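> the sequence isn't on hand, but the structure is:
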Ligand SMILES: NC(=O)c1ccc[n+]([C@@H]2O[C@H](COP(=O)([O-])OP(=O)(O)OC[C@H]3O[C@@H](n4cnc5c(N)ncnc54)[C@H](OP(=O)(O)O)[C@@H]3O)[C@@H](O)[C@H]2O)c1
């Protein structure tokens, strides 16, 4: 890939998805006006409950709710299933009459419309809660207006408690509501201490441990599609399926960036294309015979001029969240073109040394003093590995 003037990672297109909010991993979530330290504690519980809907509720957001009376949790709930009752409804049902006079903590503004279920605002009003604390407004204009409706019914409402954590939890939902043209792209790479993706021989081998691998499969479960470059397919013949995490409601499709349509017909991906969709992003100049052969075995081919066109085409095919797992060349191309939103790095305690495949070698060089610094959104250990999630693009 040519080291053309970069539009993305090196150009300063860096922002926290929630503006100036602090990173949730720092534990210094700003106090929202009118909130208390207890509000933060109970909202964290609501956010943890929301996470239980991972892989089951998309394209809806993950939402958790906690009902608290006199400092004690009397009801909990989360949005469990796409099309099913919302978090508030479950929590209110668990609380029963104890909800009267209580505070409801909800990780997203309660909805104010009749969709697949009734408006949560009316359920909260009917239960006679006296206070509602929510982490963030609903970016979906169809469902928004809940805060105003609750206030008009005389309920005290506080917003913005744990806002940055809530935004991160539903970053792909927020993006999909605001941007209908491109998917949200998470780029996940497993690297050595010296930033390499693979050793000099490029032999297939796990860099990270079983805990990281399970975490990656849980991340896969939240994507609409999992993508790799053709170099990775030729080296590793991956299946790109969810196997080490609970199965998602809809299995993610597979995507291969492959300008010359080199995907072998005997590869695991091509051989299973009729069972689980495989999208091939080729160049317009890809040999027609190969395209025809792959189309004939069920592969969907998107012939495009540029990487961004390929992503646009995927969005049209229903991919709102694309989870790209490398390798080095496609990672650099996506970063260079400013197409990555979150970068997730799993760093393993291993040094691969000279000749190893550097994860970012195809990006233009930067001076340490001027290279833009990425915002750290999350950082945690998985076994002996360290996972860091960075915000790359803020839109
Ligand atoms: N540790 C990890 O997280 C990890 C993850 C994945 C892979 N790997 C390892 O990394 C190695 C493969 O990495 P890689 O860099 O060689 O392969 P890659 O990034 O998977 O694929 C590179 C190929 O992608 C194609 N491509 C399509 N669109 C492109 C674009 N816009 N820009 C650039 N390339 C584009 C190019 O082939 P065409 O020109 O023919 O289109 C290019 O040769 C393997 O050893 C694999 O095991 C490690």
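In hand now; what should we look at? Please read all numbers here as calculations on a predicted model, not as lab measurements.
> quick one: low-confidence ranges for the stretch 201-350 of the chain?
For the stretch 201-350 of the chain, no stretch has pLDDT under 70.
> show me what counts as buried in whichever helix in the chain runs longest.
Identified as the longest helix of the chain according to DSSP state H is helix 37-50. For helix 37-50, burial by neighbour count (16 or more other Cβ atoms under 10 Å) applies to 39-40, 42-47, 49-50. (C-beta placed from N, C-alpha, C; glycine too.)
> and the residue nearest the centre of the chain, what helix or strand is that in?
What sits nearest the mean C-alpha location of the chain, by Cα atoms, centre = their mean, is residue 172, with 5.0 Å. Using DSSP states H and E, residue 172 sits within helix 171-178.
> could you say what helices and strands that helix packs with?
If contacts are counted by 3 or more Cβ pairs under 8 Å, 6 or more residues apart in numbering; DSSP states H and E, helix 171-178 sits against strand 184-191, strand 321-324.
> residue 373 is nearest to which of the ones you listed?
Taking Cβ to Cβ, strand 184-191 is the member of the helices and strands packed on helix 171-178 nearest to residue 373, at 17.3 Å.
> pull the residues that contact the next helix or strand after the closest one.
Counting by DSSP H and E, the next helix or strand C-terminal to strand 184-191 is strand 196-198. The contact list for strand 196-198, computed with Cβ atoms under 8 Å, 6 or more residues apart in numbering, reads 189-191, 205, 207, 235, 326-328, 352, 356-359.
> only the buried subset of the residues you listed, as a PyMOL command please.
In PyMOL syntax, the buried subset of the contacts of strand 196-198 is picked out as below (16+ other Cβ under 10 Å):
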select buried, resi 189+190+191+207+235+326+327+328+352+356+357+358+359
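> filter the contacts of strand 196-198 down to the ones close to the ligand.
Filtering the contacts of strand 196-198 for proximity to the ligand by Cβ under 6 Å from any ligand atom leaves 189-190, 207, 235, 326-328, 357.
> helices - which of the residues you listed land there?
235, 328.
> so how far is the helix holding residue 172 off the chain centroid?
Averaging C-alpha positions (Cα atoms, centre = their mean, to the nearest Å) puts helix 171-178 9 Å from its chain's average.
> same check on stretch 318-328?
Stretch 318-328 sits 10 Å away from the centroid of its parent chain (Cα atoms, centre = their mean).
> cool, stretch 110-127 as well?
Distance, centroid of stretch 110-127 to centroid of chain: 27 Å (Cα atoms, centre = their mean).
> and what of stretch 101-112?
The chain centre lies 23 Å from the centre of stretch 101-112; the measure is Cα atoms, centre = their mean.
> do me a favour and get the end-to-end distance for that stretch?
By Cα to Cα, to the nearest Å, the extent of stretch 101-112 from end to end equals 21 Å.
> again with stretch 146-161
Taking Cα to Cα as the measure, stretch 146-161 stretches 16 Å from start to finish.
> for that stretch, buried residues please.
Neighbour-count burial for stretch 146-161 flags 146-147, 149-150, 155, 157-161 (criterion: 16+ other Cβ under 10 Å).
> now those residues as CSV including distance to residue 95, secondary structure and pLDDT?
Shown next, in CSV, are these (distance: Cβ to Cβ, whole Å; DSSP: H, G, I helix; E, B strand; the rest coil; pLDDT from 0 to 100):
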residue, distance to residue 95, secondary structure, pLDDT
146, 19, helix, 94
147, 21, helix, 95
149, 20, helix, 95
150, 17, helix, 96
155, 15, coil, 97
157, 18, strand, 96
158, 19, strand, 96
159, 21, strand, 95
160, 24, coil, 96
161, 19, coil, 97
